[in-house]
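J.: Predicted structure and sequence below. I'll ask about it afterward.
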Protein chains: 2
Amino acid sequence: MRFLLIEDEKELAAALSTALGKHGIVTDHTMHLADAFELTRQNPYDAILLDRRLPDGEGLSFIPQLRRAGVDTPVIVLTARNEPLERVEGLNVGADDYLGKPFLVEELMARVRAVLRRPSNLVEPRIVAGRMVIDPLNLNVTIDEAALDFPRRELLVLVALAKRKDKTVLRSTLESAVYNYEEEIQSNALDAHISRLRKRLLEMGAGVTIHAIRGVGYLLREE
Amino acid sequence: MRFLLIEDEKELAAALSTALGKHGIVTDHTMHLADAFELTRQNPYDAILLDRRLPDGEGLSFIPQLRRAGVDTPVIVLTARNEPLERVEGLNVGADDYLGKPFLVEELMARVRAVLRRPSNLVEPRIVAGRMVIDPLNLNVTIDEAALDFPRRELLVLVALAKRKDKTVLRSTLESAVYNYEEEIQSNALDAHISRLRKRLLEMGAGVTIHAIRGVGYLLREE
DNA sequence: CCCTCAAGATTACGGCAGCATTGCGGGATT
DNA sequence: AATCCCGCAATGCTGCCGTAATCTTGAGGG
């Protein structure tokens, strides 16, 4: 397998290249979007790892350019800007996955495998949970076609739980679904969100309950 | 299935052909409108993909010519994404759908499927929102049959919201509905449009309200 | 069976991020 | 030349959300 890495931090790029090499992956590396486009014409990459903040501009703008040229190679966006809403932005312009720095190479590999296994990535997923229908890409929740208004953080918690409905979601997973690495929590803010979310779901008769798994995380279950 | 592709960018055409090939579609390709017409006489295509800017003229002029000859093959117009208003023109002369470049091949396929599934091709979608009837293709809004006049940007915001009536529309989605990639916003211009649009809708008794979903986006709801 | 302690649940409070509104001025259009 | 659109920025305000204090629940041990 052969990847294209578009990243301007040289040390990170070098480290990634060697790490990927241990998985049998050959990596081409460039710091510039202009070069990147040329490279994709010359090589059929299996995946593209794309940084957002680059010397010649916003990395995301590369994706439409690529798609316009008919290249449908999976793109995984790497960024320090791990604001959850920004992830959605990336996915909306055609990225296949999003990975916030810092990350473990193992996690990257897991996502790469997932993306490569996916036959078509444009299917708009929807989650049904109780009476709710959730569109995780547009952060949209409806009951009987009517949109519900959730505060941002509660909404992110809800989506993260609904994505793995009937399965326990680790506390740390929830935290990284709601907060980025700059934002740090020193209190029980997550617990507070869960509590407020529970109250709200009850009031609107959403048909789901959130259970605490002591010492592990939370779990959303249909009633 | 067999498609006719009328496109002068060779690279894009080649990429599209192979991509469509993966979906089991045979593609005939030409760069000239004159050839295209001949080809449609000889082959019963399932769909025609038509670029607007062509060496021998405006691609759109091909559609009336085709219809006059009694050919009702679905036509999907590929246009530069820059001008939202530009897309609309194509639909007025009888195109069945448009697709702004850049696009994902998967999106093209989704639209192709949609068009082929449509029983009658020249269906004119219309959105009813409150007292308004919106024709999103012609960017036309009426109340009681009377046409309303909107500033361009406010109109684009309104249509984007009305298309997803009762669903939240992400801020980033709205921005990309109103602005293209060259135009950049550094202020709360979108907020200003929303505010002015609200005022206007109120004055004319449109029967809809626009709600802010704090930290997420906006939502249009009927009163 | 009860006691203990840790983990979770709930809620008030206050700071501040994000939205609403509006005047201004430049530029496009007529 | 007049008008209107529209980006920009200043101002005011709403309510989200982090914090912490307090209460509740549950597991394990004696």
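T.: Noted; the coordinates are in hand. In this text, all values refer to a predicted model and were calculated from it rather than measured experimentally. Numbering: from 1, shown residues only, chains lettered A, B, ... in the order given.
J.: alpha carbons only for contacts and neighbour counts from here, please
T.: Fine.
J.: contacting residues for residue A:169?
T.: A:161, A:216, A:217, A:218, A:219 (CA atoms under 8 Å, 6 or more residues apart in numbering or on different chains).
J.: count of residues packed around the nearest residue to residue A:143 once chain neighbours are set aside?
T.: What sits nearest to residue A:143 in space, not counting adjacent residues and going by CA to CA, 6 or more residues apart in numbering or on different chains, is residue A:132, at 4.9 Å. When counting by other CA atoms under 10 Å in any protein chain shown, one arrives at 23 neighbours for residue A:132.
J.: Now the two most distant members of the contacts of residue A:169.
T.: A:161 and A:216 (13.6 Å; CA to CA).
J.: domains of chain A?
T.: As recorded under automatic domain parsing, the domains making up chain A are A:2-117, A:127-222.
J.: Looking at residue A:161 and residue A:216, which has the bigger crowd around it?
T.: Ranked by neighbour count (other CA under 10 Å), residue A:161 and residue A:216 place residue A:161 first, with 24 against 12.
J.: Isn't the more buried one up against residue A:222?
T.: No - counting by CA atoms under 8 Å, residue A:161 stays clear of residue A:222, with 11.6 Å between them.
J.: re the thing from before, so which of the contacts of residue A:169 is the closest to residue B:150?
T.: residue A:161 (41.9 Å).
J.: can the helix or strand harbouring that closest one be found next to DNA strand C?
T.: Per DSSP states H and E: residue A:161 is located in helix A:152-163. No - Helix A:152-163 stays clear of DNA strand C (CA under 7 Å from any atom of the strand), getting no nearer than 9.2 Å.
J.: then stretch A:150-170 to PDB, C-alphas only?
T.: Output of stretch A:150-170 as PDB, limited to C-alpha atoms (Å, rounded to 0.1, in the frame of the first residue of the first chain):
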ATOM      1  CA  PHE A 150     -30.400  20.700  21.600                       C
ATOM      2  CA  PRO A 151     -27.500  22.600  23.100                       C
ATOM      3  CA  ARG A 152     -24.400  21.900  21.300                       C
ATOM      4  CA  ARG A 153     -22.500  19.800  23.800                       C
ATOM      5  CA  GLU A 154     -25.500  17.800  24.800                       C
ATOM      6  CA  LEU A 155     -26.100  17.100  21.100                       C
ATOM      7  CA  LEU A 156     -22.600  15.800  20.600                       C
ATOM      8  CA  VAL A 157     -23.000  13.500  23.600                       C
ATOM      9  CA  LEU A 158     -26.300  12.300  22.300                       C
ATOM     10  CA  VAL A 159     -24.900  11.500  18.800                       C
ATOM     11  CA  ALA A 160     -21.900   9.800  20.300                       C
ATOM     12  CA  LEU A 161     -24.100   7.600  22.400                       C
ATOM     13  CA  ALA A 162     -26.600   6.900  19.700                       C
ATOM     14  CA  LYS A 163     -23.900   5.800  17.300                       C
ATOM     15  CA  ARG A 164     -23.200   2.900  19.500                       C
ATOM     16  CA  LYS A 165     -26.600   2.400  20.900                       C
ATOM     17  CA  ASP A 166     -27.000  -0.600  23.200                       C
ATOM     18  CA  LYS A 167     -23.200  -0.700  23.600                       C
ATOM     19  CA  THR A 168     -21.200   1.000  26.400                       C
ATOM     20  CA  VAL A 169     -19.300   4.000  25.300                       C
ATOM     21  CA  LEU A 170     -16.100   4.700  27.300                       C
END
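J.: DNA strand C versus residue A:189, what's the distance?
T.: Using CA to the nearest atom of the strand, to the nearest Å, residue A:189 is found at 7 Å from DNA strand C.
J.: Around DNA strand C, which positions in chain A sit nearby?
T.: Checking chain A against DNA strand C by CA under 7 Å from any atom of the strand, the hits are A:188, A:191-192, A:194-196, A:198-199, A:211-217.
J.: Go through those residues and name the one nearest residue A:168.
T.: Nearest member of these to residue A:168, counting by CA to CA, is residue A:217, at 6.3 Å.
J.: and that closest one, what are its bridge partners?
T.: On the basis of DSSP bridges, residue A:217 is bridged to residue A:170, residue A:213.
J.: May I ask you to confirm that it is in contact with residue A:167?
T.: No - shown here, residue A:217 and residue A:167 do not form a contact pair, counting by CA under 8 Å, at 10.0 Å.
J.: And the domains of chain A: which comes nearest DNA strand D?
T.: Closest to DNA strand D of the domains of chain A, according to CA to the nearest atom of the strand: domain A:127-222, at 3.6 Å.
J.: how about the closest one, does it reach DNA strand D?
T.: Yes - counting by CA under 7 Å from any atom of the strand, DNA strand D is contacted by domain A:127-222 at A:151-154, A:184-190, A:192-193.
J.: Could you turn the buried ones of these into a ChimeraX selection?
T.: The buried residues among the residues of domain A:127-222 next to DNA strand D can be selected in ChimeraX (16 or more other CA atoms under 10 Å in any protein chain shown) with this line:
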select /A:152,153,154,190,193
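J.: State the distance from residue A:176 to residue A:170.
T.: Look at residue A:176 and residue A:170: by CA to CA, to the nearest Å, they are 10 Å apart.
J.: likewise residue A:37?
T.: 39 Å.
J.: swap in residue A:154?
T.: Counting by CA to CA, the gap from residue A:154 to residue A:170 is 16 Å.
J.: And for residue A:73?
T.: Distance, residue A:73 to residue A:170, by CA to CA: 31 Å.
J.: can you check residue A:64 too?
T.: Distance from residue A:64 to residue A:170, by CA to CA: 34 Å.
J.: Would you agree residue A:198 is in contact with residue A:207?
T.: No - counting by CA under 8 Å, residue A:198 sits too far from residue A:207 to count as a contact (10.9 Å).
J.: Those two: which is more packed in?
T.: Neighbours were counted for residue A:198 and for residue A:207 using other CA under 10 Å; residue A:198 has more, 18 against 14.
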